[in-house]
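Asker: Show me the folded form of this:
(one chain, ligands or ions: 1)
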Amino acid sequence: MISKNMESALNHQIELEAYASQYYLAMASWCDSQGMEGAAEFLHAQSIEERGHMMRIFHFLSEVDGFAITPAIPQPPLEFKSIKEIFEKVYQHEQKVTASINKLLAICYKEDDYNTLNFLQWYVEEQREEENLARSILDKINLIGDGAQSLYFIDQEMKNILKMAQAKEAQEKA
Ligand code: OFO
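Answerer: This next block holds a predicted model:
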């Protein structure tokens, strides 16, 4: 059994995860339109991951006799100025999600809901990794520069980062 307050806070988290999935999908589409396949592939993978994060909460809510609400998702922006702007926005969004997870943890402590607290530990870890990843990509873009000459190198780098992230994930699952 879960409190109504916690159920509604988790439904808010579902909205954030769903929005992240659509937001990253829109970014992937923009990168594709600019010929940046590596970045597009990376953002497609992120978009799928975010849907997975949303689905975890869906399943958790049904397990604890709560009700998961399928969210209405606002239209994300479709146009971006540059690849740098995209990763600045990814980083900002990840920070917003982390803050929201922290609020959920605070509710768990307030309500002595250690079951949900335990469930959310996975998200704490995931947010640390995702913020770190977004920040390190931004550092690389700042290092390489995001002028026309640098785009090819950034795109190659994105392919490498995606490969590394996938290898790590496969290792964790094994
Ligand atoms: Fe769902 O982890 Fe990022 O936002």
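
Asker: Look up the pLDDT of the residue nearest in space to the middle of the chain for me, please.
Answerer: When the chain is reduced to its mean C-alpha position, the nearest residue by CA atoms, centre = their mean turns out to be Glu50, at 5.0 Å. Glu50 is assigned a predicted lDDT (pLDDT) of 97.

Asker: right, is the host helix or strand of it up against the ligand?
Answerer: Using DSSP states H and E, the secondary-structure element containing Glu50 is helix 37-63. Yes. Using CB under 6 Å from any ligand atom, a contact is recorded between helix 37-63 and the ligand, made by 50, 53. All C-beta atoms are positioned from the backbone trio N, CA, C, and that covers glycine.

Asker: buried stuff in that helix?
Answerer: 38-47, 49-51, 53-54, 56-58, 60-61 (16 or more other CB atoms under 10 Å).

Asker: wait, doesn't the residue nearest to the centre of the chain sit right on Ala20?
Answerer: Yes. Counting by CB atoms under 8 Å, Glu50 does reach Ala20; the two are 4.1 Å apart.

Asker: Perfect, that will be all.
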